[in-house]
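A.B. asks: Model the structure of this input:
(2 chains)
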There are 2 protein chains.
Amino acid sequence: MDKKIKIVGIAGSLRKEAYSKAVLNAAKELTPEGTEFEICGIEEIPPFNQDNENNLPISVKEIKAKLMAADAIVIVTPEYNFSFPGVLKNAIDALSRNEEGRPANPFDSKPIAIMSNSPYMLGGSRAYYQLRQVFVYLNANVLNRPEVIIPFVKDKLDKNGRLSDEETRGHIKKQLEALLQAAMKKSA
Amino acid sequence: MDKKIKIVGIAGSLRKEAYSKAVLNAAKELTPEGTEFEICGIEEIPPFNQDNENNLPISVKEIKAKLMAADAIVIVTPEYNFSFPGVLKNAIDALSRNEEGRPANPFDSKPIAIMSNSPYMLGGSRAYYQLRQVFVYLNANVLNRPEVIIPFVKDKLDKNGRLSDEETRGHIKKQLEALLQAAMKKSA
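C.D. replies: Below you'll find the model as predicted:
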């Protein structure tokens, strides 16, 4: 197989120094050579309004095109109020809608790895499980295991905000390997 | 008790002719005399970014003040991708954050009635239950019963988009009565 596997990564928080962004950066670092890993920001995705769905902003169209072309997707979510952030769900809502006469759902049948994180003990696991339910509707192939759920994430960064904790990096690496396996199986 | 009960209502969809807005309008019509019912739009609430949380836009501050002053809250949600809309969760995320030195969570201990609706058979019940989980964190007093879950909502509107189905209106009325009971108990 000569085809280069392409992964697109999305962090579910807009904060500039979001822990989810640190986790996503670590995933990018840990992706095996020969694999493309592109991080897409969701900062520019406006609140989804169905009245405008046949007239999506460029920002949404661009991210959608990248997701369509991806072989696999990584999503890193924090937990807000016992669930995923509204901004992450809004991005998924906007990105998964039909446009007239065009393919609709970039998540369909696609291998997806979810990672959650929080500064507290449960590591965003409540957000993780609500997000799984969303991807059931979207018919994505979310990895069952290994799961990456990172508690006390604040303590796992170095002073430059890099996720440096070796154990956590090991878990992320294993999940990425499983994701690549799923992607290669699919594109084989 | 002379105090007038104040209810604030929020619809979880931005679409102009959203079914959720029709349901919310019916709730307003069905609220007993002597009770205030104000509908707050969430159209102007921007994507929540924690970097800006000490500098909330006026739109968020105004809705938050109204929710703070409310005795009870009605939330009508559609279902997008087996969950509540991102725009509704984003509104809750934005409205529930701390600002320096000011009270934080307008949902705390407040009686809330959730109604869900969809054009399909399950009436948005998956969104309903994910939303309940969010309000556990926020320590709201979400009514356990009666629940209002409206399937095939499209067929329950008249040609002017008004929710005219009498059976459904009866369910909404009963839920509002239970909400007022809870609000009066609380403010007594």
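A.B. asks: Enumerate the residues of chain A near chain B.
C.D. replies: A:13-16, A:18, A:43, A:45-51, A:80-94, A:96, A:126, A:130, A:133-134, A:136-138 (Cβ under 8 Å from any Cβ of the partner chain). C-betas here are computed from N, CA, C, even on glycine.
A.B. asks: Could you turn the buried ones of the residues you listed into a PyMOL selection?
C.D. replies: Entered in PyMOL, the line below selects the buried ones among the residues of chain A next to chain B, by 16 or more other Cβ atoms under 10 Å in any protein chain shown:
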select buried, chain A and resi 13+14+15+18+45+46+47+48+50+80+81+82+83+84+85+86+87+88+89+90+91+92+93+94+96+126+130+134+137+138
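A.B. asks: Just the ones of the residues of chain A next to chain B in strands?
C.D. replies: Among those, no residue falls in strands (DSSP state E).
A.B. asks: How about A:K28, nearest residue that isn't a chain neighbour?
C.D. replies: Here the nearest residue to A:K28 in space, its sequence neighbours aside, is A:F37; by Cβ to Cβ, 6 or more residues apart in numbering or on different chains that works out to 4.5 Å.
A.B. asks: Can you classify that neighbour as helix, strand or coil?
C.D. replies: strand (DSSP: H, G, I helix; E, B strand; the rest coil).
A.B. asks: what number of residues lie near it?
C.D. replies: Neighbours of A:F37 under the rule other Cβ atoms under 10 Å in any protein chain shown: 21.
A.B. asks: Return the residues in contact with it.
C.D. replies: A:I7, A:G9, A:A27, A:K28, A:T31, A:V74 (Cβ atoms under 8 Å, 6 or more residues apart in numbering or on different chains).
A.B. asks: Which of the residues you listed fall within helices?
C.D. replies: Taking DSSP state H, the ones among the contacts of A:F37 that sit in helices are A:A27, A:K28.
A.B. asks: possible to save the contacts of A:F37 as TSV with pLDDT and neighbour count?
C.D. replies: TSV is the format used below for those (pLDDT from 0 to 100; neighbours: other Cβ atoms under 10 Å in any protein chain shown):
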residue	pLDDT	neighbour count
A:I7	98	23
A:G9	98	23
A:A27	98	26
A:K28	98	17
A:T31	96	21
A:V74	98	27
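A.B. asks: any chance of the contacts of A:F37 in a markdown table, with distance to B:F152 too?
C.D. replies: Below are the contacts of A:F37 laid out as a markdown table (distance: Cβ to Cβ, whole Å):
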| residue | distance to B:F152 |
| --- | --- |
| A:I7 | 41 |
| A:G9 | 39 |
| A:A27 | 43 |
| A:K28 | 46 |
| A:T31 | 46 |
| A:V74 | 38 |
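A.B. asks: neighbouring contacts of the lowest-mean-pLDDT helix or strand in chain A?
C.D. replies: Here the helix or strand of chain A ranked lowest by mean pLDDT, DSSP states H and E is helix A:58-69, holding a mean of 93. Applying Cβ under 8 Å, 6+ apart, the external contacts of helix A:58-69 come out as A:6, A:8, A:38, A:40, A:42, A:44-46, A:56, A:73, A:91, A:94-95, A:103, A:106-107, A:110.
A.B. asks: buried ones in it?
C.D. replies: Buried, per 16+ other Cβ under 10 Å, within helix A:58-69: A:S59, A:V60, A:I63, A:K64, A:K66, A:L67, A:M68.
A.B. asks: So the residue positioned nearest the centre of chain A versus A:R15, what's the distance?
C.D. replies: Centroid-nearest residue in chain A: A:I75, 1.4 Å away (criterion: Cα atoms, centre = their mean). For A:I75, the distance to A:R15 equals 16 Å [Cβ to Cβ, to the nearest Å].
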